[in-house]
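*Asks:* make a model of this:
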Amino acid sequence: MPYFRVSVIAGTAAFLIFSFVPRAGLAQATAGVFGPVVTEGHRSFEYRLAYDPDSYAFAQRLHYQQSVDDRFMWRVIVQGRKTDDSDVDYDFVQGELFWDLSNSDRPWQTGFRFDVRVPDEGRATLLGAHWTNQFALAENWSARFVLLSAFEVGGDARDGILLQSRASLRRTFAGRLHIGLEMFSVYGGTSDIASFDDDEHVMGPFISFPLSGGWSVYGGALFLVGDSEDESNLRFWVGRSF
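*Replies:* From the prediction side, this is the model:
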């Protein structure tokens with residue numbers, strides 16, 4: 001099928017291009033490579049923990065999400081982080097709206113997510129619009145690619161549009177266990193896009209699987225790509241669907 005071949009080529013190319021660019025790293029990554037699919041009747045919450053063993057820094061996040069129908073879903077996030085004042089200091093609260101644009105039976109699915117992030121005092125509010133894609137590459141293999149764009153308002157807002165990308169490649173076993181690789185890249189703002197040396201890229205493996213009672217567990221690690229420093233980021237998530 002031509003549509004399937006195009007989606008396979010596009011998905012593989014996107015993952016390769018945005019997964020093997022050698023630069024620096026991210027820290028305290030509680031973010032995920034989110035897909036475009038919205039399931040009607042979905043409700044869930046999740047706790048996420050990210051830990052940097054080099055600096056002993058960590059961040060924690062709680063989120064709740066609920067679908068409106070088979071096209072739209074909303075999510076609310078509250079995140080805390082370790083600071084000099086507290087192990088659980090307020091970091092930000094964020095509201096999100098997912099918009100699924102594809103039919104569920106297509107090998108290439110696409111959609112958008114719109115964000116409003118309100119951080120702690122003195123930091124700029126972040127407004128985001130992100131394009132997310134999911135590709136069925138072959139039996140039990142899938143990939144995701146997300147292009148993120150945002151701009152800041154108020155506080156010490158940076159100029160231009162802030163750009164990021166995320167990518168993942170996943171293998172599913174017995175329809176339940178998922179093992180794969182994830183990539184996170186930060187490119188800076190369009191007002192300073194020429195300073196590519198300041199870009200940040202990390203990559204690492206993950207594993208996720210469901211438990212009984214609607215519970216699920218995720219574990220992973222991220223490492224700097226193309227850097228001599230041995231920096232890492234450990235990630236653990238636990239969630240439940242209702």
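*Asks:* where in the protein is pLDDT low?
*Replies:* 1-28, 193-199, 227-230 (pLDDT under 70).
*Asks:* quick one: the helices in it?
*Replies:* Along the chain, counting by DSSP state H, helices occupy 2-19.
*Asks:* now do the strands in it.
*Replies:* 43-52, 57-67, 72-81, 89-100, 108-119, 125-138, 141-153, 162-173, 177-189, 200-210, 215-224, 232-241 (DSSP state E).
*Asks:* and the first one, what does it pack against?
*Replies:* When you say that, I think you mean strand 43-52. In terms of contacts (3 or more C-beta pairs under 8 Å, 6 or more residues apart in numbering; DSSP states H and E), strand 43-52 is packed against strand 57-67, strand 232-241. The C-beta positions use only the backbone N, C-alpha and C, and glycine is treated the same way.
*Asks:* to R144, which of those strands lies closest?
*Replies:* strand 232-241 (16.2 Å; C-beta to C-beta).
*Asks:* now do that closest one: distance to the chain's middle.
*Replies:* 12 Å (C-alpha atoms, centre = their mean, to the nearest Å).
*Asks:* check which residues of that strand are buried.
*Replies:* 233-235, 237, 239 (16 or more other C-beta atoms under 10 Å).
*Asks:* direction included, what does it pair against?
*Replies:* strand 43-52 (antiparallel), strand 215-224 (antiparallel) (DSSP bridges).
*Asks:* what's the angle from the last one to strand 200-210?
*Replies:* Between the axes of strand 215-224 and strand 200-210, defined by axes from the mean of the first three to the mean of the last three C-alpha atoms, to 10 degrees, the angle is 160 degrees.
*Asks:* contacting residues around strand 215-224?
*Replies:* Residues outside strand 215-224 that contact it (C-beta atoms under 8 Å, 6 or more residues apart in numbering): 24-26, 29, 182, 184, 201-211, 231-241.
*Asks:* ok, now how distant is the spatially most central residue of the chain from D54?
*Replies:* Centroid check for the chain by C-alpha atoms, centre = their mean gives G32 as the closest residue, at 2.6 Å. The spacing between G32 and D54, counted by C-beta to C-beta, to the nearest Å, is 22 Å.
*Asks:* for L162, same thing?
*Replies:* Here the criterion is C-beta to C-beta. By it, L162 lies 25 Å from D54.
*Asks:* same check, this time on N133
*Replies:* Using C-beta to C-beta, we find N133 at a distance of 33 Å from D54.
*Asks:* and for S142?
*Replies:* On the measure of C-beta to C-beta, S142 and D54 end up 32 Å apart.
*Asks:* comparing those two, which residue is more hemmed in?
*Replies:* Between S142 and D54, counted using other C-beta atoms under 10 Å, the more crowded position is S142 (20 against 12).
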